[in-house]
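Visitor: The following block contains a protein sequence and its predicted model.
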Amino acid sequence: MKTIHLVIPDLQLPAEFAAEVSADLALPTLRKLLARGQIQALPRSDSLEACLCDAFGLPNLPIAELSAQYDGLAAGHWLRADPVNLSLQRDRLCLSPLPVQPNESVELCAHLNTYFAAQGLHFCAPHPQRWYLNLDKLPTITTTPLPHVLGENIRNTLPTGENMPYWHQLFNEIQMLLYAHPVNAQREQRGEAAINSVWFWGEGASVDCTSHYTSVSADTVLADIFATAAHIPFTPWQKVWCNTDSQQLMVWTDLQRAVQQGDFAAWRNAILDFEQNYAQPLWQALCSGEISQLTLDLLGNDLASRIHLTRSDTWAFWRQKTALC
């Protein structure tokens, strides 16, 4: 029988503004999906990275090594060092993503390599948005995935663990080096934000990915990275859901991007589109028996919950509580 596992970060908004943002939203089908299933708490965390590691049988979060393989880098000890803009907003140090051109990545990484060669550090950028630091051994530090610090105060999310002062000093040195580079002077002339920092994350030793899924569909490259590591077919997120495989994993991050950008109009538009093009056909497929089980993982707002639905749950009209807000 066909099953669907759908992962949605930031469907549940923080309580202080959830009611206002979701007011007057006509989401009858989504609300039924959220209300009528069997709900359980997820054991690890509310992060998409942890959810995917669970789905692919990984005990830790070795995102850097998995994505390094995906980007064609040789086997080794890798740490993501993604390019970002760091800005002071009142009393907060905040990170923002920004578009980076391939030639800018090459120039900036070469500049970092020249300066840090004596320390045995090597930076590379096989993709303009995904930079890496190659190390002799795995660092014994704990980092925070970049998607979870965008727009947030980073003062309490810098690397912790063994040799923590070294990583904080390295973080500061890189800022000074990038800030003074001609690439950023050129970006400033064009009215573009400076590439003035990197964010270290994704530590951990990778092991073989295993999964029972027959296909993965998502709007994020992170899911593609896991699918590739597990040798599972991947397809980009489709405008309208269509079921072609027996056990399908789907990851939808439109709402997460809207929240990170503080664009709640985009959040509303995205969820209305989801209601029509995904919630409604999924509900119909569940009611008709076309799919035997739908599992929804709702991530974010400092919690994570899983909702299991079968065909019999669609008749549980007495379950009225919704997890939307």
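Guide: Yep, that arrived. Being a predicted model, the structure only gives us computed values, none of them experimental.

Visitor: CA atoms for contacts and neighbours, from now on please.
Guide: OK.

Visitor: low pLDDT regions in this structure?
Guide: Where the chain drops to pLDDT under 70, the residues are 43-45, 244, 301-302, 316-325.

Visitor: quick one: strands adjacent to the top strand by length along it?
Guide: Assignment by DSSP state E gives strand 77-89 as the longest strand of the chain. According to DSSP bridges, strand 77-89 has the following sheet partners: strand 92-96 (antiparallel), strand 130-135 (antiparallel), strand 197-201 (antiparallel).

Visitor: Tell me which helix or strand Val106 sits in.
Guide: helix 102-116 (DSSP states H and E).

Visitor: Tell me the helix or strand right after that helix.
Guide: Using DSSP H and E, the helix or strand that directly follows helix 102-116 along the chain is strand 122-127.

Visitor: got the buried residues for that next one?
Guide: Across strand 122-127, burial judged by 16 or more other C-alpha atoms under 10 Å covers His122, Phe123, Cys124, Ala125, Pro126, His127.

Visitor: Count the neighbours of the nearest residue to the fifth one once chain neighbours are set aside for me.
Guide: In other words, Pro126. Nearest residue to Pro126, sequence neighbours excluded (C-alpha to C-alpha, 6 or more residues apart in numbering): Asp71, at 6.2 Å. Applying other C-alpha atoms under 10 Å, we find 14 residues neighbouring Asp71.

Visitor: So the nearest residue to Leu255 once chain neighbours are set aside, which state does it fall into?
Guide: The shortest distance from Leu255 to any non-neighbouring residue, by C-alpha to C-alpha, 6+ apart, is to Trp267 (5.3 Å). State at Trp267, reduced to three classes by DSSP: H, G, I helix; E, B strand; the rest coil: helix.

Visitor: quick one: Trp267 from Ser96, how far?
Guide: With the distance defined as C-alpha to C-alpha, to the nearest Å, Trp267 ends up 18 Å from Ser96.

Visitor: how far away is the residue nearest to Pro126 from Ala15?
Guide: According to C-alpha to C-alpha, Asp71 stands 39 Å off from Ala15.

Visitor: The residue nearest to Pro126 contacts Gln129, doesn't it?
Guide: No - using C-alpha atoms under 8 Å, Asp71 is not in contact with Gln129; the gap is 11.3 Å.

Visitor: And the strands in the stretch 201-325 of the chain, which stretches?
Guide: Taking DSSP state E, counting those that start in this stretch as the test, the strands found in the stretch 201-325 of the chain are 215-218, 234-236, 247-251, 293-300, 303-310.

Visitor: mind listing what's buried in the last one?
Guide: Right, the one you point to is strand 303-310. Ala304, Ser305, Arg306, Ile307, His308, Leu309, Thr310.

Visitor: Kindly export that strand (C-alpha atoms) in PDB.
Guide: Extracted as PDB, the C-alpha positions of strand 303-310 are listed here (Å, rounded to 0.1, in the frame of the first residue of the first chain):
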ATOM      1  CA  LEU A 303       8.500  21.600  19.400                       C
ATOM      2  CA  ALA A 304       7.900  18.800  17.000                       C
ATOM      3  CA  SER A 305       4.900  16.600  16.600                       C
ATOM      4  CA  ARG A 306       3.900  13.800  14.300                       C
ATOM      5  CA  ILE A 307       0.400  13.100  13.100                       C
ATOM      6  CA  HIS A 308      -0.600   9.700  11.700                       C
ATOM      7  CA  LEU A 309      -3.700   9.400   9.600                       C
ATOM      8  CA  THR A 310      -5.300   6.300   8.000                       C
END
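
Visitor: That's all I had, so thanks and see you.
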